[in-house]
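Asks: below: sequence and its predicted model.
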Amino acid sequence: KALIKIVVHVYYPHIYLEGKDKLKLKGPTIVLGNHPNTLMDALNGAIWVDQPVYFLAMARLFKPDWVGNILRFLFCIPLERRKDNGGGPVDNEDSFRQAIEHLSKQRHLFIAPDGGNELERNLLPLKTGTARISLGAEHLQDFQLGLRILPLGYTYFGDREQFGSEMLIQAGEPIFLKDFAEIYASDPQGTVRRLTARLEKRMQDLLLNVKDEEEDQMLHTLEELLRDEAPLPLSDFFQRSKALMYRLRNFSIEAPEQHALFLAQVQAYAAALKSVRIRSGAVYIQQLGPVARQQQLLPFYLLLPIWVFAAINHWPATALCRFAVRRFNLHIGYKTTVELCVGLLAIPIFYVLQSLLVEAMSSTAWSWWYLAATIGTGLITLKNKRRMDNGLSYLKLKNAGPIRDKLAEERAALVTQLHDLLQSIPQ
């Protein structure tokens with residue numbers, strides 16, 4: 001667990017936990033998490049709680065048999081899904097039995113109840129499996145097991161499939177299965193539906209839960225503006241983003257034409273940034289006064305030699321990770337998983353090989369200094385990734401020609417409208 005926690009922190013150096021006290025598991029617990037990021041979701045459901053956790057995982061991952069044996073060794077229980085079976089019937093009775101037996105031994109289980117990976121920051125409709133397993137486990141012990149369900153909400157800010165992104169993990173209030181004993185006795189199937197609905201509502205409260213990709217992209221662009229114009233701690237930033245999302249929905253009803261115009265302006269700004277591969281933060285730096293701009297850029301210039309050293313010396317491993325992503329040609333949601341698994345093997349190997357090369361060219365002492373410098377500069381660069389990306393993008397923007405002024409004008413107009421929208425949010 002300690003090793004995985006280090007690896008996850010390397011990929012996401014800015015992880016913020018809200019509700020840490022709830023992560024101390026007392027009695028058998030089902031930990032629930034939304035599923036936007038494949039393997040990372042399961043890992044984040046396990047490494048932050050204080051007890052070992054088993055996992056329900058897609059049955060197709062257990063093939064061939066040797067892979068299945070490894071996954072079982074890593075505390076995974078296979079679970080079939082209709083969409084992996086061509087929409088045909090599935091038989092999960094044995095999997096449910098294993099899960100119930102596991103919980104009955106006062107152990108813990110992680111489940112992603114929406115059963116799918118979505119790039120947008122939303123929650124798919126929950127399957128009933130979690131409710132059936134939890135109620136089945138309690139029913140076998142006359143609702144004396146003491147089982148509870150702990151919902152977690154994962155929200156990524158920035159590009160979640162990129163090294164150095166930010167992540168907010170929120171632990172919600174647990175649901176205790178003993179509270180369903182009476183209604184389960186009279187209506188088991190209705191209780192399954194009722195518990196599933198409550199779980200879905202509890203998890204939605206922990207997420208932005210955007211309507212669709214268009215809304216998510218719009219919100220993402222506005223969030224990038226606010227990160228520079230009005231930064232907040234990530235938990236407060238999340239609450240403001242959620243309030244802004246609801247305000248924009250009301251805006252579309254109150255003034256549909258104005259909302260459509262605003263949406264078009266946001267999309268045009270985002271498209272212009274993408275066309276020249278410029279970050280919004282670079283446009284923000286450009287519009288600052290001379291003194292404020294230099295103050296903003298000073299940390300960037302101080303860190304630039306560190307960034308160059310880290311980029312050169314991590315290039316072999318990062319290039320291999322990118323090659324693996326292209327080679328496997330998987331859904332974009334698996335990018336993080338592939339990079340994490342390949343990097344976990346490749347980075348230590350390249351560290352050793354590069355250190356041996358330095359030793360051969362100089363001395364053992366210098367090879368140790370080189371290794372420490374490579375690891376240290378890599379961690380510093382990841383921790384300051386956004387600052388470095390904005391600074392590098394600013395240097396590019398300085399020579400971008402007429403589009404530089406166009407981006408500045410579009411950003412200024414959006415910021416004015418965005419502040420008006422924020423001011424109109426009820427307190």
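Replies: Happy to help now that I have it.
Asks: tell me which residues in whichever strand or helix holds Ser275 are buried?
Replies: Ser275 belongs to helix 256-276 when elements are defined using DSSP states H and E. By neighbour count with 16 or more other CB atoms under 10 Å, helix 256-276 contains the buried residues His259, Phe262, Leu263, Val266, Tyr269, Ala270, Ala272, Leu273. C-betas here are computed from N, CA, C, even on glycine.
Asks: next structured bit after the helix or strand containing Leu222?
Replies: Using DSSP H and E, Leu222 falls within helix 213-229. Downstream of helix 213-229, the first helix or strand assigned by DSSP H and E is helix 234-254.
Asks: now the angle from the longest helix seen in the chain to helix 213-229?
Replies: For the chain, the longest helix by residue count, based on DSSP state H, is helix 290-328. For helix 290-328 against helix 213-229, the angle by axes from the mean of the first three to the mean of the last three CA atoms, to 10 degrees is 140 degrees.
Asks: just give me how far helix 290-328 sits from the chain centre.
Replies: The chain centroid and the centroid of helix 290-328 are separated by 21 Å under CA atoms, centre = their mean, to the nearest Å.
Asks: against which helices or strands is that helix packed?
Replies: helix 280-286, helix 335-361, helix 364-383, helix 385-397 (3 or more CB pairs under 8 Å, 6 or more residues apart in numbering; DSSP states H and E).
Asks: pLDDT of that helix, averaged?
Replies: Helix 290-328 comes out with an average pLDDT of 92.
Asks: buried set for it?
Replies: 296-297, 300, 303, 306-307, 309-310, 313-314, 317-318, 320-321, 324-325.
Asks: neighbouring strands for the longest strand anywhere in the chain, and are they parallel or not?
Replies: The longest strand of the chain (DSSP state E) is strand 148-157. When sheet partners are counted by DSSP bridges, strand 148-157 sits next to strand 29-33 (parallel), strand 166-171 (antiparallel), strand 175-176 (antiparallel).
Asks: where does this protein dip in pLDDT?
Replies: 38, 74, 81-90, 115-120, 159-164, 330-334 (pLDDT under 70).
Asks: spatially central residue for it, please.
Replies: Among the residues of the chain, the one closest to the centroid is Tyr156, at 4.1 Å (CA atoms, centre = their mean).
Asks: what pairs with the closest residue to that one other than its chain neighbours across the strands?
Replies: Nearest non-adjacent residue to Tyr156, counting by CB to CB, 6 or more residues apart in numbering: Met167, 5.4 Å away. Per DSSP bridges, the residues bridged to Met167 are Ile15, Tyr156.
Asks: separation between Met167 and Arg404?
Replies: Distance from Met167 to Arg404, counting by CB to CB, to the nearest Å: 32 Å.
Asks: next, the angle helix 234-254 makes with the helix holding Leu222.
Replies: Using the same axes, to 10 degrees: helix 213-229 against helix 234-254 is 130 degrees.
Asks: which one of the strands paired with strand 148-157 is the most hemmed in?
Replies: Neighbour counts (mean count of other CB atoms under 10 Å) averaged over each of the strands paired with strand 148-157 peak at strand 29-33, with a mean of 26.
Asks: buried ones in the helix or strand following that strand?
Replies: Toward the C-terminal end, the helix or strand that comes next after strand 29-33 (DSSP H and E) is helix 39-47. Residues Met40, Asp41, Ala42, Leu43, Asn44, Gly45, Ala46, Ile47 are the ones in helix 39-47 that count as buried (16+ other CB under 10 Å).
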